[in-house]
Each structure stands twice: as C-alpha cells, then as structure tokens.
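A.B. asks: Sequence first, predicted model second:
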Amino acid sequence: MSTTTIHDVVGIRQIVPMRRQVLIALGEWFRAHRTSLLIAVPLLVLVGAVHAKGMANFPDWVDDPGTYLSQAWSFQYERALSPYSYFYDHTPAGWMQIGAWSMLTDGFGRHATAIGFGNECMLIAKVISAGLLYVLARRLSISRAGAAAVVLLFGLCPLELVYGRWTFLDNIVTPWMLLAFVLAYSPRRSISAAIGSTGAFAMAALTKETALILLPAFVWAFAQNLDRRNRAQLVTVAAFCGLLLMVLYPLYALYKGELFTAPDRNTLLGTARWQLLQRQGTGSLLDPHSSTAARFSDWLQYDRVLLLGGAAAVPFAFFVKRLRPIALALTIGWLMLLRGGYLPYMHVLSLLPWSPLLIVGVLERVAGNGRLSGRRRPLAGWRAGPAGRLVRGLVGGVAAVALVATVAGWTPSLQRMTSVSTEPPLRSAERWVADNVPRNKVLVVHDAIWVDLVQKYGYRPRPIIVYKLDTDPAVKASLHRIDYLVLPNWYFRTPDGASKYPTAVEARKHAVPVARFGSGDGGVTIYRVSSLWRPR
C-alpha cells in the first residue's frame with residue numbers, strides 16, 4: 001500500500017468517529033429540546049407566513065429602504081459603501097449584510113425589484129428575531145407557554161408587521177441585539193458564549209450605531225449571569241473581542257483620512273457632530289405639537305396593546321430580578337421619546353421586541369413563577385396551597401383570554417395588510433418610465449426605484465437620487481440638465497416657504513406632467529422638464 005493511500009485511510013478513520021460524535025451530539029440536542037421545537041417551529045412558520053403574505057404591495061415604498069438597497073447594490077457590484085460619496089450617517093454593516101446575501105443568492109437578480117429583495121431580507125430577519133425571542137424568554141425563566149405568547153405578540157402585531165416589512169437597518173439590528181442577550185444569559189456561562197455575546201452586540205452597533213444606547217442594559221444582563229469562578233477572565237476576553245470588532249469602523253475612517261473633521265469632506269467625527277448637535281430635533285413626546293408626538297400618534301393607529309402594555313409593565317418588571325435588564329432596555333427606548341432631540345420614525349422597532357417579554361414576564365411572576373426572581377426553592381405557605389393554585393390559575397386564564405382577544409383584535413388589520421392587491425404607485429411609475437423614457441435621459445428619482453433603473457433597465461447616465469441634488473458636491477458639479485422627475489407628490493410641498501429639495505422644486509416649475517399614479521401626497525407624478533431649463 002502506498003504512503004498516500006495509508007494517509008487517506010488514516011484520515012478516513014479519524015473523520016468517521018468525528019462525524020459520529022457530531023451526529024450523537026445533534027441527536028442529544030434535539031431530544032433535550034424536542035418540546036420547545038414542537039412549539040416554536042409551527043409558531044415561526046405562522047409568523048413568517050403572515051409577514052410574507054402581501055408584503056410586495058403593503059406598505060407603500062418609502063425612501064430609506066431604497067437608500068440602503070442602493071448602498072447594498074454598490075457594495076456588491078462596485079465594492080463601495082455607496083454609489084455616491086459615503087456620508088458616515090450610519091455604520092455600514094447593515095447594507096453590507098444585505099449585499100453579502102445578494103452575492104450568495106443573486107438577490108438583486110432573482111427579484112423583479114430591489115424592494116422585493118429587501119422584503120426577503122426583512123422576512124429572514126423577522127423569523128430569526130422571533131426564534132431568538134423564544135430562546136431569550138426561556139433563558140429568562142419564562143415558561144414555554146409564555147415564550148410562545150411572546151412570539152405571537154411580537155410576530156403578529158400589526159405595528160411590527162408594517163415597520164418590520166420596510167427595509168430598515170433597525171430590523172437587522174434586532175436579531176443581533178437579541179442574540180447578544182441570548183448569549184449573555186447562556187446557562188453554561190462559558191467564555192465562548194461571552195465572546196459571542198459581545199461580538200453580537202458589536203455587530204448590532206456596526207449595523208446601526210443607535211444600538212449603542214442599549215449598552216447599559218446589555219452590560220447589566222451580561223453581569224447578571226457571570227460565574228465568579230471565571231469572571232475576571234471572561235470579562236477581559238469578551239470585552240476585548242467586542243471592542244476589537246467595533247473599532248474597525250473608526251479605523252476604516254482613519255485609513256481613508258476621514259476620521260477627523262475637515263472642510264469640504266465627509267468625516268466620521270464631523271457627521272457625528274452634525275447628528276448630535278446640529279441636526280434639527282423633532283421635539284419631545286410631552287409636546288403635543290411636536291413631530292415626535294405626531295409619530296407616536298401614527299404608531300398608535302396601528303396598535304396600542306404592545307406599546308402601551310410594555311410601558312405599563314416596566315415599573316413592575318424592575319421588581320423581578322431576571323427582567324431588570326430587559327426593563328432597562330425598554331426604558332431607554334421610551335426616554336428617547338422624551339429627550340427632545342431628533343427621533344427617526346422607525347425608532348418604534350427598538351421598543352417592540354422588549355415589550356412582549358416584559359408583559360408576559362410580569363404576568364408570569366404574578367402567577368407565581370419564582371424562577372424569574374432567581375428563587376429555585378419550591379413555593380411555600382399559601383402559594384403552595386389551594387389558594388395559591390387558584391390565583392395562578394386565574395392569572396393564567398386571564399392572560400390566555402387576553403392573548404386570544406388581542407390576536408383576534410388584530411385580525412382585521414392583518415387581513416387588510418396581507419390582502420392588498422394594488423401595487424405601490426412608485427412601482428407603477430417605474431414600469432411607465434421603463435416603457436416610455438429613453439435610456440439616455442437624465443432622471444431624478446425616488447430612492448426606491450434607483451437600483452431597478454440602473455440594474456434591470458440599464459439607464460445611463462445613472463439616475464440621480466433626489467436628495468443628492470442639493471447635498472452631494474460631485475452631483476452638483478456634474479449636473480447640466482434634468483429631463484424627468486419621478487417623485488411622490490409630497491416632495492414638492494413647501495409648507496414653510498422652503499423645501500428640502502430646492503433644485504427639484506425649481507425643475508418642476510419648468511416641467512409638464514406626463515403620467516400620474518396614485519393620489520394625494522403618496523401619489524407619484526412623472527414630469528418632463530423643459531430642455532431649455534438648466535440647473536443653477
């Protein structure tokens with residue numbers, strides 16, 4: 001027998017036992033978790049099916065998803081962080097993940113629209129988040145029935161369905177943040193779990209920097225589950241690994257020479273200063289005339305149960321040991337509504353995962369679940385007698401009825417959201433442009449259709465995303481004409497005599513409408529601009 005053959009035989013003999021050990025370990029894991037799997041898997045299928053049905057037509061297309069998808073497209077096809085100059089307004093890992101998934105699956109090529117691919121990514125994030133919520137609920141010592149209720153409250157809430165379908169970075173943050181808490185509460189308390197926990201939190205922050213506001217809650221959860229025997233080593237190694245991952249972002253800016261504030265240049269610290277100190281605020285929730293109050297009112301139109309129920313559970317949750325870090329996470333989210341700074345309208349996504357955990361956790365504690373308070377001893381006194389059993393039964397029965405009533409109350413909204421048959425006006429406008437406008441025309445367009453016009457329809461020169469007209473010096477320097485405007489009607493509103501898009505408003509004064517889709521502010525009008533007009 002040759003030497004090579006002997007080595008091959010030895011290698012096979014080593015591989016076969018390893019495979020056997022892996023299969024044995026998997027079998028043991030499935031046996032240990034078979035009950036939870038039998039509960040969780042059908043729930044995740046239900047949540048995924050409700051989320052997926054009708055997501056192509058509801059809700060309407062908005063601008064932020066188009067921005068992130070154009071940046072993901074640029075990451076995949078141009079190896080750049082943006083098709084324009086990168087602004088450092090958000091950390092880039094979110095759209096890098098979208099771009100990486102497209103690279104693996106030909107995402108932009110498989111779907112008729114870029115928004116359709118974004119919908120797929122949000123569906124994946126939603127199902128993963130729901131599964132991690134179940135695991136986190138169990139690690140918080142919530143019962144299996146309670147964990148199932150958490151998944152249903154999160155997965156079927158109409159408010160979550162609307163914002164969860166939009167391609168927002170916050171939806172990608174959610175599974176990373178939940179994974180960080182799941183690993184922080186790992187029952188093994190191992191160094192590998194701790195490193196994974198800080199790494200997941202770092203990924204959440206690199207996906208969207210606003211995740212950093214939850215650092216105090218995460219540190220509390222991390223510290224709550226430490227083992228004294230390896231505490232110093234575990235904290236040192238895990239913190240170093242998490243910081244090492246997060247520092248990649250400022251190191252990138254330093255490498256590009258864009259870390260420190262400089263004139264006529266996008267920089268990390270300059271953008272951070274603008275966001276924290278110079279960006280126009282939306283006001284406080286306590287001011288009924290503020291934009292924040294208006295956004296909060298919009299959220300409540302979709303659902304009140306999860307938002308207000310979670311807020312009501314916060315003060316009670318601080319009396320329950322295992323729930324305190326979760327209560328702090330939700331408290332921080334609510335305080336952002338009161339501070340008076342700028343509040344993005346997708347901020348609600350940072351409130352929704354924690355709310356069902358607190359609602360269910362508090363109800364279970366009232367019903368006698370002592371493990372939530374860290375007590376391992378069996379119930380004693382009246383709690384162990386008939387009176388205690390009666391109280392626990394009543395609380396459990398009321399909670400079950402409330403859950404059924406809540407989901408039943410959501411059903412009309414869910415039916416409407418999953419049965420919309422009319423395509424969004426921007427999609428209709430995109431089709432019209434592709435059929436009627438020559439590929440060499442200069443288009444100013446909404447973010448949501450930019451990738452399709454470049455990738456699928458091959459417009460050259462590439463269309464210009466509307467907000468870049470007045471903010472990107474390179475665009476302003478190269479702009480010699482505009483042939484068509486393809487924008488929702490609200491872009492031309494000037495309630496205060498000024499517009500965020502002055503060049504587009506001026507171009508419309510020299511244009512005629514050639515097609516309309518939808519109505520009201522959300523409707524889209526396509527304008528053909530006079531060839532005699534030139535941008536200033």
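C.D. replies: Nice, thanks for sending it over.

A.B. asks: what ranges do the helices span in the stretch 201-350 of the chain?
C.D. replies: Taking DSSP state H, counting those that start in this stretch to define them, one finds helices in the stretch 201-350 of the chain at 215-224, 231-246, 248-255, 268-273, 291-302, 305-317, 324-338.

A.B. asks: so which of those helices comes closest to residue 441?
C.D. replies: When the helices of the stretch 201-350 of the chain are compared by C-beta to C-beta, helix 268-273 sits nearest residue 441, at 32.9 Å. Every C-beta, even on glycine, is put in place using the N, C-alpha and C of the backbone.

A.B. asks: Tell me which residues touch residue 448, please.
C.D. replies: Residue 448 makes contacts with 61-63, 65-66, 69, 114-115, 426, as judged by C-beta atoms under 8 Å, 6 or more residues apart in numbering.

A.B. asks: Over to it. Which of the three states is it?
C.D. replies: Using DSSP: H, G, I helix; E, B strand; the rest coil, the structure places residue 448 in helix.

A.B. asks: Same question for residue 513.
C.D. replies: strand.

A.B. asks: Would you agree it is in contact with residue 526?
C.D. replies: Yes: checked against C-beta atoms under 8 Å, the pair residue 513 and residue 526 is within contact range at 6.9 Å.

A.B. asks: Neighbour count: the two, which is higher?
C.D. replies: Neighbours around residue 513 and residue 526, counted as other C-beta atoms under 10 Å, are more numerous at residue 526. The numbers are 21 against 11.

A.B. asks: Which element is encountered next along the chain beyond the host helix or strand of residue 71?
C.D. replies: Residue 71 is part of helix 63-77, with elements assigned from DSSP states H and E. Elements were assigned by DSSP H and E; along the chain past helix 63-77, the next helix or strand is helix 93-105.

A.B. asks: Next, the angle helix 63-77 makes with that next one.
C.D. replies: Relative orientation of helix 93-105 versus helix 63-77 (axes from the mean of the first three to the mean of the last three C-alpha atoms, to 10 degrees): 50 degrees.

A.B. asks: who touches the helix holding residue 71?
C.D. replies: For helix 63-77, using C-beta under 8 Å, 6+ apart, the contacting residues are 80-83, 92, 94-96, 98-100, 102-103, 108, 114-115, 117-118, 166-169, 346, 446-451, 454-455, 465, 467.

A.B. asks: Equivalent analysis for stretch 306-320, please.
C.D. replies: Under C-beta under 8 Å, 6+ apart, the answer for stretch 306-320 is 153-154, 157, 159-160, 299-300, 323-324, 326-327, 330-331, 334, 348, 351-352, 354-356, 358-359, 361-362, 365, 372-373.

A.B. asks: contacting residues for residue 469?
C.D. replies: Contacts were defined as C-beta under 8 Å, 6+ apart; by that measure residue 469 touches 444, 475-476, 479, 501, 503-504, 535.

A.B. asks: Drop anything exposed from those residues.
C.D. replies: When burial is judged by neighbour count using 16 or more other C-beta atoms under 10 Å, the buried members of those are 444, 475, 479, 501, 503-504, 535.

A.B. asks: pLDDT added to those, as JSON lines?
C.D. replies: Below are those laid out as JSON lines (pLDDT from 0 to 100):
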{"residue": "444", "pLDDT": "97"}
{"residue": "475", "pLDDT": "92"}
{"residue": "479", "pLDDT": "92"}
{"residue": "501", "pLDDT": "89"}
{"residue": "503", "pLDDT": "93"}
{"residue": "504", "pLDDT": "94"}
{"residue": "535", "pLDDT": "89"}
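
A.B. asks: Okay, the residue nearest to the spatial centre of the chain and residue 398: tell me how far apart.
C.D. replies: In the chain, the residue lying closest to the centroid (C-alpha atoms, centre = their mean) is residue 171, at 1.1 Å. Using C-beta to C-beta, to the nearest Å, one obtains 32 Å as the distance from residue 171 to residue 398.

A.B. asks: Among the buried ones among the contacts of residue 469, which are located in helices?
C.D. replies: The members of the buried ones among the contacts of residue 469 that map onto helices under DSSP state H are 475, 503-504.

A.B. asks: Out of the residues you listed, the closest to residue 247 would be?
C.D. replies: Within these, proximity to residue 247 (C-beta to C-beta) peaks at residue 475, which comes in at 32.1 Å.

A.B. asks: In contact with the closest one, which residues are there?
C.D. replies: In this structure, residue 475 makes contact with 84, 464, 468-469, judged by C-beta under 8 Å, 6+ apart.

A.B. asks: Tabulate the residues you listed in CSV, adding columns for secondary structure.
C.D. replies: What follows is the contacts of residue 475, written out as CSV (three-state DSSP):
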residue, secondary structure
84, coil
464, strand
468, helix
469, coil
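
A.B. asks: Now list the buried members of the residues you listed.
C.D. replies: Using 16+ other C-beta under 10 Å as the burial test, the contacts of residue 475 include 84, 464, 468-469 as buried.

A.B. asks: Tell me where the model's unsure across this structure.
C.D. replies: By pLDDT under 70, the weakly predicted segments of the chain are 1-18, 374-392, 494-498.

A.B. asks: which stretches of it form strands?
C.D. replies: Ranges of strands within the chain are 443-445, 464-465, 484-488, 511-517, 524-529, based on DSSP state E.

A.B. asks: Out of those, flag the one nearest residue 292.
C.D. replies: Judged by C-beta to C-beta, the one of the strands of the chain that comes nearest to residue 292 is strand 484-488, at 22.9 Å.

A.B. asks: before we move on, the earlier item: identify whichever of the helices of the stretch 201-350 of the chain lies nearest to residue 122.
C.D. replies: When the helices of the stretch 201-350 of the chain are ranked by proximity to residue 122, the top entry is helix 291-302, at 16.5 Å, counting by C-beta to C-beta.

A.B. asks: who touches the closest residue to residue 502 other than its chain neighbours in this structure?
C.D. replies: Once its chain neighbours are removed from consideration, residue 502 has its nearest residue in residue 470; the separation is 6.0 Å (C-beta to C-beta, 6 or more residues apart in numbering). By C-beta under 8 Å, 6+ apart, the contact list for residue 470 reads 476, 500-503.

A.B. asks: same check, this time on residue 247
C.D. replies: Taking C-beta under 8 Å, 6+ apart as the contact definition, residue 247 lies against nothing.

A.B. asks: My read is that residue 336 contacts residue 213, right?
C.D. replies: Yes: using C-beta under 8 Å as the test, residue 336 is close enough to residue 213 to be in contact (7.0 Å).

A.B. asks: And these two? Which one has more around it.
C.D. replies: Set residue 336 next to residue 213 and count neighbours by other C-beta under 10 Å: residue 336 wins out with 20 against 15.

A.B. asks: measure that one to residue 489 for me?
C.D. replies: Spatial separation of residue 336 from residue 489 under the definition C-beta to C-beta is 31 Å.

A.B. asks: Does residue 81 touch residue 91 like I think?
C.D. replies: No: Residue 81 is not in contact with residue 91 according to C-beta under 8 Å; the separation is 10.1 Å.

A.B. asks: how does this structure divide into domains?
C.D. replies: 33-95+102-269+279-410, 425-529 (automatic domain parsing).

A.B. asks: end-to-end on the last one?
C.D. replies: With C-alpha to C-alpha, to the nearest Å as the measure, domain 425-529 spans 21 Å from end to end.

A.B. asks: now do stretch 137-145
C.D. replies: Distance across stretch 137-145, first residue to last, is 10 Å (C-alpha to C-alpha).

A.B. asks: how far out from the middle of the chain is that stretch?
C.D. replies: Distance, stretch centre to chain centre, for stretch 137-145: 24 Å (C-alpha atoms, centre = their mean, to the nearest Å).

A.B. asks: Can you give me the buried ones in it?
C.D. replies: Judged by neighbour count using 16+ other C-beta under 10 Å, the buried positions of stretch 137-145 are 137-143.

A.B. asks: now, the most widely separated pair of those residues?
C.D. replies: Put simply, by C-beta to C-beta the two of the buried residues of stretch 137-145 set farthest apart are 139 and 143, 12.4 Å from each other.

A.B. asks: Alright, calling it a day.
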